[in-house]
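K.L.:
after the sequence you'll find the predicted model.
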Amino acid sequence: MGGKRLRIDTNFQLKKCAKKRVVGNYDRISQLPDDILIDILSFLSINEAARTSVLSSRWINLWKHTPSLNFDALSALTNKIQESSDWRKLLKTERRNYRRWVNSVLRSHKSTTLKEFIIRFDLNNSYKSSITQWLDFAFARQVQTLELDLNTYSNCLFSGEFLYNRRSVGAPKSMVVGFKSLKSLTLRYIDMTGGDIECILQNCPLLEQLVVRGAQRMSNLEVCGSSLVLKHLEINNCQDFISLKVSAPRLTSLTVKMFEELLLEHVPMLTEVSLRCDSCSISIKRVFSQLSCCISQLKVLCLELICLQYSIEQPIELCEFPEMPKLNKLVIKCCATGDESLVRLTAFMRAFPYLEEFVLKYEWYRFPREDKVMKDAIVRSPHNHLKVFKFRGYYGRTIDAELISYILENCVVLEKIIIDPSGAISPETDELDVEYTARKNAKEHIEPHVPHHVQLVVL
């Protein structure tokens, strides 16, 4: 930790680090300086940090100075709702409890600055006033990382109007002043437009990361400006999203899901892209054409294929790919029944000869037919650079064996194969049974064929 030591107010005078040598079972942690202890507490949840106040008088107020406030209770709420017979009534009660919890912590909190402030819960527009007060609290402390995740079971998105100040009825909208300190902003399931996001960008001169998810009213967005310092941009699950235009000189990673048009202009530092598209050759070719201005500089590419249709009955050949000399990591994510041929996906590997890592994330929802016979011949096409292959969704099917055989026969400098048995998404499948069977199949059917110089890792 650099910079000046933290000073606590007069009501919170704590002992300095003891100079004498600590021996035996003496409490060494409490001998650390205040700022180090507070930094340690920032890695705990709020409730865990607050519980340390009972340790001794030294710890009574320490947790109140943590620079990180993470009010994440969404997972706990989900578990309660799943067990409830009347989830709507439960939700009303839990929302009130959540508001009381946040307000109680904020009343006790004494830090003058905030590195992180996270609100993650199911809240509707009736809590607008409370959320506005919480944001005022964070902005007054020059918060650097802000996350608002208001995922709602009632499908009634929270309005993004709370992001603006209005001096009078009918006056033009202006962004809240506190946004100027932000370096990272995540907005999930807040009803916003492209204009709202553009206004945020104009008022966040230090913003390096922006994540927008579930903004249903957003159809068009322009992220453009020579002064932008934005490095990471993610637009995800915005159902009516049509077009994205990006001109950001410092952008290094871009994730876009559910879009029609993507226009990239000035992105000289963009090296990592994640996109979703249909699995047909026309859609894939269109995606690569939209990446034309940065295709030669990309190092990491992730493609999420919406509907994998590489069945033996209706084979769909992949299109020709442009040359990508710097691409060293490729991630393919796809979801299918469990019978589709996976060997055809190796066309991606052959298209990018300088790949060093290939990751396949395969989600399946039906056990394969025992009488299913795959007819794809194993293509011989040496890969002289591929060192790591990770297969998420392995089960031990014929299609899995075909793919593993291809990797072993063609990747001449292969160093590691990682088998991840998770990937079954059907409610009819028992996750533990599936993973146990997958691990057993990997040991019986893969391990005997793996050369000694290749490391096999089964997660």
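P.N.:
Done, it's in.

K.L.:
would you mark the buried spots in stretch 51-63?
P.N.:
By neighbour count on 16 or more other Cβ atoms under 10 Å, the buried set for stretch 51-63 is 52, 53, 58, 59, 61, 62, 63. Any C-beta I mention is one placed from the backbone N, CA and C, and that applies to glycine too.

K.L.:
tell me the one of those residues nearest residue 458?
P.N.:
Minimum distance to residue 458 across those is 39.1 Å, recorded for residue 52 (Cβ to Cβ).

K.L.:
tell me the pLDDT at the residue nearest to that closest one when sequence neighbours are not counted?
P.N.:
Excluding its sequence neighbours, the residue lying closest to residue 52 (Cβ to Cβ, 6 or more residues apart in numbering) is residue 59, at 5.0 Å. Confidence at residue 59, expressed as pLDDT, is 78.

K.L.:
am I right that residue 59 is in contact with residue 53?
P.N.:
Yes - using Cβ atoms under 8 Å, residue 59 makes contact with residue 53 at a distance of 5.6 Å.

K.L.:
could you point out the longest helix of this structure?
P.N.:
Secondary structure assigned by DSSP state H gives helix 87-108 as the longest helix of the chain.

K.L.:
show residues contacting that one.
P.N.:
46, 50, 64, 69, 71, 73, 77, 80-81, 84, 119, 121-124, 127, 130, 134, 137, 153-154 (Cβ atoms under 8 Å, 6 or more residues apart in numbering).

K.L.:
where are the low-confidence patches of the stretch 251-400 of the chain?
P.N.:
Counting by pLDDT under 70, the stretch 251-400 of the chain shows low-confidence ranges at 278-282, 307-320, 337-340, 366-379.

K.L.:
quick one, strands of it?
P.N.:
Remark: strands assigned in the stretch 251-400 of the chain by DSSP state E, counting those that start in this stretch are 253-256, 261-264, 272-277, 300-305, 329-336, 357-364, 388-392.

K.L.:
of all the ones you listed, which one is nearest residue 225?
P.N.:
Each of these has some distance to residue 225 by Cβ to Cβ; the shortest is strand 261-264, at 14.4 Å.

K.L.:
now do the SS call for residue 76.
P.N.:
helix (DSSP: H, G, I helix; E, B strand; the rest coil).

K.L.:
shaky segments in the stretch 101-250 of the chain?
P.N.:
Residue ranges of the stretch 101-250 of the chain with pLDDT under 70: 153-159, 162-178.

K.L.:
what count of nearby residues applies to residue 406?
P.N.:
22 (other Cβ atoms under 10 Å).

K.L.:
make 104 the first number, not 1, from now on.
P.N.:
Let's use 104 as the start, then, which means that last one is residue 509.

K.L.:
any idea which element it lies in?
P.N.:
Remark: residue 509 resides in helix 501-513, with elements defined by DSSP states H and E.

K.L.:
and that helix, what's buried?
P.N.:
Quick answer for helix 501-513 (16+ other Cβ under 10 Å): 501, 502, 503, 504, 505, 506, 507, 509, 510, 511, 513.

K.L.:
can you check stretch 131-142 too?
P.N.:
133, 134, 137, 138, 140, 141, 142.

K.L.:
for stretch 196-204, same thing?
P.N.:
For stretch 196-204, burial by neighbour count (16+ other Cβ under 10 Å) applies to 197, 198, 201, 202.

K.L.:
and for stretch 174-182?
P.N.:
Neighbour-count burial for stretch 174-182, with 16+ other Cβ under 10 Å as criterion, is recorded at 174, 176, 177, 180.

K.L.:
residue 188 versus the residue nearest to the second one when sequence neighbours are not counted, what's the distance?
P.N.:
Nearest residue to residue 176 in three dimensions, chain neighbours excluded: residue 224, at 5.4 Å (Cβ to Cβ, 6+ apart). Here residue 224 is placed at a distance of 21 Å from residue 188 (Cβ to Cβ, to the nearest Å).
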